[in-house]
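> Provided below are the primary sequence and the corresponding predicted coordinates.
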Amino acid sequence: MQPAGIPNVAQNPSAVAASSSAGEAVVRAGEAIIRAEKIEKYYAQPSQNRIQVISPTDLSIVPGEIVALLGPSGSGKSTMLRMLSGLSQPSAGQVYWHERPIAEAEINVSIVFQSFALFPWLTVLENVEAPLQARGVDPEERRARSMRMLDTVGLDGFESAYPKELSGGMKQRVGFARALVVEPEVLFMDEPFSALDVLTAENLRSELLELWAKKTMPTRCVFIVTHNIEEAVLLADRIIVLGRNPGHIRTDFRVQIPQPRDRKSEQFTQLVDYIYKVLTRPDVVPTEAPDHQHPGPKVRDQRQMKYQMLPHARPGGVAGLLELLLDKGGRDDIYRLADDLAFEIDDLLPIVDAAQLLGFLKVEEGDANITENGTEFANSEILRQKEIFRDAALQNVLLLRQIQRALEAKSDHTVPEEFFLDMLDEQFSDEEAHRQIETAVTWGRYAELFDFDAARRRFVMPDAIEEAAVAGDDD
């Protein structure tokens, strides 16, 4: 499924403004409002290792475009936004604001967050005035500017209302007005529509595009973080897709589909399919599609990953996905599959990743294809499914294999959780290491590989629990 409608960079050399650390930025330095040079984010560990969240990355934000940043959970989307906006300092590298280090420059940005983050004790007007008051703008001017902005976002007449009196969509409009009243050069938005119902979110997206097209917004660039692929294709002039472990740019391109965009058009669906393919095939370098997009350089992080990241999906979810695929003939487009299930990408991808890791399906050209092993698993009775899952887990998942072997080697067939957390600590953050253990426990219990004693925080062989119970009765 090759998308159409993304420009050829040779014809439009200023089309792409970002690349990963090994590539040259296409946009000339003088054109960028914000330019990140080899920025990375990592956290030191007591073992003198470090957890890499964002690998060294080059990125430029230029005037006149809406940029969408996509990526799976854990890829560092919000971390990237915080570094680019000056809220967080990179662990290495530098962010420049009009070619001055951002720490030394007077930056002019605003951020709209997923949560409405309004002051409940202030009226709508007072909420919008708050950033101007913090900047020392005199009362008369800040009131006039705030009233104009409320009128712009369609809240004229609600100046004296309190947040508790507003719907979710109206609260987010107040958030937009508050962000725009300072006339930011760059407006950052961190999943601004995800807390809203479908119809309200769709309405606000349309209003955002209308404000942008009519140049009613006093801003030169919009940078929006989202996990919704269709939202990115609907809104963005340019889309950046991150990979994870650690976060890095996998592809970066301009969208050439004219506004307003039709979700049912061939160009639209092809582009959505392409992005799904990039997100679901982290092991494959994205290829350039003719006349459509310019991916970032073919760079992968060179850090050796000993452990696979276990997708946080339950065996029942994997079984359900495989059964659905069988009903569809064993193959289906992931975009259509997610649409049928009414899933967002962050809901579906962990299940797809888990099924891939276990060898139950393969993802090719944006399509999920069930394997012979996956077909047997989906068609089997419960006990046989457990056997197939157990064999697949031991064959494909290093952590589960190590836990089982350690339990077999111990005379009492128990091993403390801390033993495996110490090993995972070299590769994952403390929070993610614990989540990996939780997923391993879920998979191990389902496959009857081992059990987990939560009171003692120890892995145990199933037989060891029975033996301990018998010994207790004998005492």
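Now that the structure is in, tell me what you want to look at. In this text, all values refer to a predicted model and were calculated from it rather than measured experimentally.
> Starting from the helix or strand hosting K41, tell me which strands it pairs with and how they run.
In this structure, K41 sits in strand 34-44 according to DSSP states H and E. Strands adjacent to strand 34-44 in the sheet, as given by DSSP bridges, are strand 50-61 (antiparallel), strand 92-97 (antiparallel).
> Quickly compare the ones you listed and say which is most buried.
Ranked by mean neighbour count, the strands paired with strand 34-44 are led by strand 50-61 with a mean of 22 (mean count of other C-beta atoms under 10 Å). All C-beta spots, glycine's among them, are computed from the backbone N, C-alpha and C.
> immediately after that strand, which helix or strand?
Beyond strand 50-61 on the C-terminal side, the first helix or strand identified by DSSP H and E is strand 65-70.
> Show me what that following strand is packed up against.
Counting contacts by 3 or more C-beta pairs under 8 Å, 6 or more residues apart in numbering; DSSP states H and E, strand 65-70 is packed against helix 77-85, strand 221-225, helix 229-235, strand 238-243.
> List the buried residues of whichever strand or helix holds L204.
Here L204, judged by DSSP H and E, is contained in helix 198-213. Of the residues in helix 198-213, those buried by neighbour count under the rule 16 or more other C-beta atoms under 10 Å are T200, A201, L204, R205, E207, L208, L209, L211, W212.
> Could I get those in JSON lines, plus columns for pLDDT and distance to Q427?
As requested, the buried residues of helix 198-213 are exported to JSON lines (pLDDT from 0 to 100; distance: C-beta to C-beta, whole Å):
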{"residue": "T200", "pLDDT": "74", "distance to Q427": "40"}
{"residue": "A201", "pLDDT": "77", "distance to Q427": "36"}
{"residue": "L204", "pLDDT": "79", "distance to Q427": "39"}
{"residue": "R205", "pLDDT": "85", "distance to Q427": "38"}
{"residue": "E207", "pLDDT": "80", "distance to Q427": "44"}
{"residue": "L208", "pLDDT": "84", "distance to Q427": "39"}
{"residue": "L209", "pLDDT": "86", "distance to Q427": "41"}
{"residue": "L211", "pLDDT": "82", "distance to Q427": "44"}
{"residue": "W212", "pLDDT": "86", "distance to Q427": "41"}
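> Closest one of these to V441?
Distances from the buried residues of helix 198-213 to V441 were compared by C-beta to C-beta; the smallest belongs to A201, at 35.8 Å.
> Figure out which of the helices and strands packed on strand 65-70 is closest to Q356.
For the helices and strands packed on strand 65-70, proximity to Q356 was assessed by C-beta to C-beta; strand 238-243 is nearest, at 14.9 Å.
> next one: that closest one to chain centre, how far?
On the basis of C-alpha atoms, centre = their mean, to the nearest Å, the separation between the geometric centre of strand 238-243 and that of its chain is 10 Å.
> ok, now stretch 151-164?
Using C-alpha atoms, centre = their mean, we find the averaged C-alpha position of stretch 151-164 to lie 32 Å away from the chain's own average C-alpha position.
> With stretch 81-93 instead?
With C-alpha atoms, centre = their mean as the basis, stretch 81-93 stands 17 Å off its chain's centre.
> Then stretch 321-338?
Averaging C-alpha coordinates over stretch 321-338 and over its chain gives two centres that are 23 Å apart (C-alpha atoms, centre = their mean).
> For that stretch, measure first residue to last.
Start and end residues of stretch 321-338 are separated by 10 Å (C-alpha to C-alpha, to the nearest Å).
> before we move on, what about stretch 109-123?
Distance between the boundary residues of stretch 109-123 (C-alpha to C-alpha) amounts to 23 Å.
> re earlier: relative to K171, which of the strands paired with strand 34-44 is closest?
Among these, strand 50-61 sits nearest to K171 (C-beta to C-beta), with 27.3 Å.
> Now stretch 269-284: buried residues?
Neighbour counts over stretch 269-284 (16+ other C-beta under 10 Å) mark 269-282 as buried.
> From the residues you listed, which land in strands?
With DSSP state E as the criterion, strands contain none of the buried residues of stretch 269-284.
> one step back: of the strands paired with strand 34-44, which is nearest I403?
Go through these one by one with C-beta to C-beta and the one that ends up closest to I403 is strand 50-61, at 21.8 Å.
> now the angle from the closest one to strand 221-225?
Taking axes from the mean of the first three to the mean of the last three C-alpha atoms, to 10 degrees, one finds strand 50-61 and strand 221-225 inclined to each other by 150 degrees.
> returning to what we had before: what is the helix holding L204 packed up against?
In terms of contact count using 3+ C-beta pairs under 8 Å, 6+ apart, helix 198-213 is assigned the packing partners helix 168-180, helix 229-235.
> Those: lowest mean pLDDT?
Mean pLDDT values for these show the minimum at helix 168-180, a mean of 85.
> how's this protein carved up into domains?
By the assignment in automatic domain parsing, the chain contains the domains 18-280, 304-396, 398-475.
> Distance of the closest residue to P246 other than its chain neighbours relative to F419?
With C-beta to C-beta, 6 or more residues apart in numbering as the criterion, P246 has its nearest non-adjacent residue at 3.9 Å, and that residue is Q52. Note on Q52: its distance to F419, by C-beta to C-beta, to the nearest Å, is 24 Å.
> can you check L398 too?
L398 is 15 Å from F419, where distance means C-beta to C-beta.
> Quick one: the strands in the stretch 251-400 of the chain, in order.
With DSSP state E, counting those that start in this stretch applied, the stretch 251-400 of the chain shows strands at 331-333, 361-364, 367-370, listed in chain order.
> looking at those, which is buried most?
strand 367-370 (a mean of 22).
> Pull up the pairing partners for it, direction included.
Neighbouring strands of strand 367-370 in its sheet, by DSSP bridges, are strand 331-333 (antiparallel), strand 361-364 (antiparallel).
> Give me the pLDDT for V470.
Spelled out, the predicted local distance difference test score at V470 is 48.
> who's in contact with S146?
Taking C-beta atoms under 8 Å, 6 or more residues apart in numbering as the criterion, S146 is in contact with L125, V128, E129, L132, A177, V181.
> That one: helix or strand, and which one exactly?
For S146, the host element (DSSP H and E) is helix 139-152.
> now the angle from that helix to helix 198-213?
Using the same axes, to 10 degrees: helix 139-152 against helix 198-213 is 120 degrees.
> Next, the angle from the strand holding K41 to helix 77-85.
130 degrees.
> Show me which parts of strand 34-44 are buried, residue by residue.
When neighbours are counted by 16+ other C-beta under 10 Å, the buried residues of strand 34-44 are found to be I34, R35, A36, E37, I39, E40, K41, Y42.
> same question, stretch 379-389
Q385, K386, I388, F389.
> For S14, give me the pLDDT.
For S14, the model assigns a pLDDT of 32.
> just how off-centre is stretch 390-404 within its chain?
From the chain centre to the centre of stretch 390-404 is a distance of 27 Å (C-alpha atoms, centre = their mean).
> ok, now stretch 141-152?
A distance of 34 Å separates the C-alpha centroid of stretch 141-152 from that of its chain, computed with C-alpha atoms, centre = their mean.
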